[in-house]
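Participant: Pasted the sequence and its predicted model underneath.
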Amino acid sequence: MSTIENTPRAGRSQRPAEVKVWDIAIRSFHWSLVISYVLVWVSADEWDRLHELAGYVIGGLIGFRLIWGMVGSKHARFSDFIYKPSAVYFYLRDSLFHRAKRYLGHNPAGGAMIIALLLSLIAATISGIAMTTNTFWGSEWVEELHEITANLTLVLVILHLAGVVYSSVAHGENLVRSMISGFKRH
């Protein structure tokens, strides 16, 4: 990373200085996954080919994210946002009392959500691919697993969005904007 990306920047208004947190790879991954997931969800049971293609894109994106989680920029690495379960618990507890600490990268709950979403998407992708093979074609348990993990993923997405809204309000920052620009206030 260049030093310019890590240098705090201040806008013309009285906004606080900002630092680069989300690299272009993470932002591209995130929004590509959002688009692909929406396509998978709206095409389910209606447009098989689109559903399968979007599912394969999700599989590729997850593969990329697993690699980038080990070799990517600081806040993209799993080591930056995987916390002990107790840290997640205390963060959520503190959130209930509006005293949760602000994190520059992912907070403990956000890190846990990323892992949960990745695992759910991996299970949905693998079961979806399995359904297209001769071995599992028409297998009821594979179809059930695919449907369960697809629905679980939707629940997790809704919880993720709620967490983004809550954290944005609680910490006075626009997390959606930061996932577009890559910058957060310092």
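Facilitator: Arrived safely.
Participant: what's the pLDDT at the spatially most central residue of the chain?
Facilitator: Nearest to the mean C-alpha position of the chain, counting by C-alpha atoms, centre = their mean, stands Ile114 at 4.9 Å. Note on Ile114: pLDDT of 95.
Participant: Helix, strand, or coil at it?
Facilitator: helix (DSSP: H, G, I helix; E, B strand; the rest coil).
Participant: Could you report the distance from it to Ser127?
Facilitator: Here Ile114 is placed at a distance of 20 Å from Ser127 (C-beta to C-beta, to the nearest Å). In short, each C-beta sits where N, CA and C put it, glycine included.
Participant: pLDDT score assigned to Gly105?
Facilitator: 87.
Participant: Quick check on it: phi, psi?
Facilitator: Gly105 adopts backbone torsions of phi -90, psi -140, taken as degrees, to the nearest 10.
Participant: what's the nearest residue to it if we skip its chain neighbours?
Facilitator: Closest residue to Gly105 apart from its sequence neighbours, by C-beta to C-beta, 6 or more residues apart in numbering: His75 at 3.7 Å.
Participant: helix or strand for Ala150, which one?
Facilitator: For Ala150, the element it lies in under DSSP states H and E is helix 140-171.
Participant: Buried residues, that helix. List them.
Facilitator: Neighbour counts over helix 140-171 (16 or more other C-beta atoms under 10 Å) mark 142, 145-146, 149-150, 152-153, 156-157, 160, 163-164, 167, 171 as buried.
Participant: ok, now stretch 78-91?
Facilitator: Buried residues in stretch 78-91, counted by 16+ other C-beta under 10 Å: Phe78, Asp80, Phe81, Ile82, Tyr83, Val88, Tyr91.
Participant: ok, the first one - contacts?
Facilitator: Contact analysis of Phe78 by C-beta atoms under 8 Å, 6 or more residues apart in numbering lists Gly69, Met70.
Participant: gap between it and Ile115?
Facilitator: Using C-beta to C-beta, we find Phe78 at a distance of 8 Å from Ile115.
Participant: So which elements touch the host helix or strand of Ile129?
Facilitator: In this assignment (DSSP H and E), Ile129 forms part of helix 108-130. Counting contacts by 3 or more C-beta pairs under 8 Å, 6 or more residues apart in numbering; DSSP states H and E, helix 108-130 packs against helix 48-71, helix 78-81, helix 85-96, helix 140-171.
Participant: Cool, thanks, talk later.
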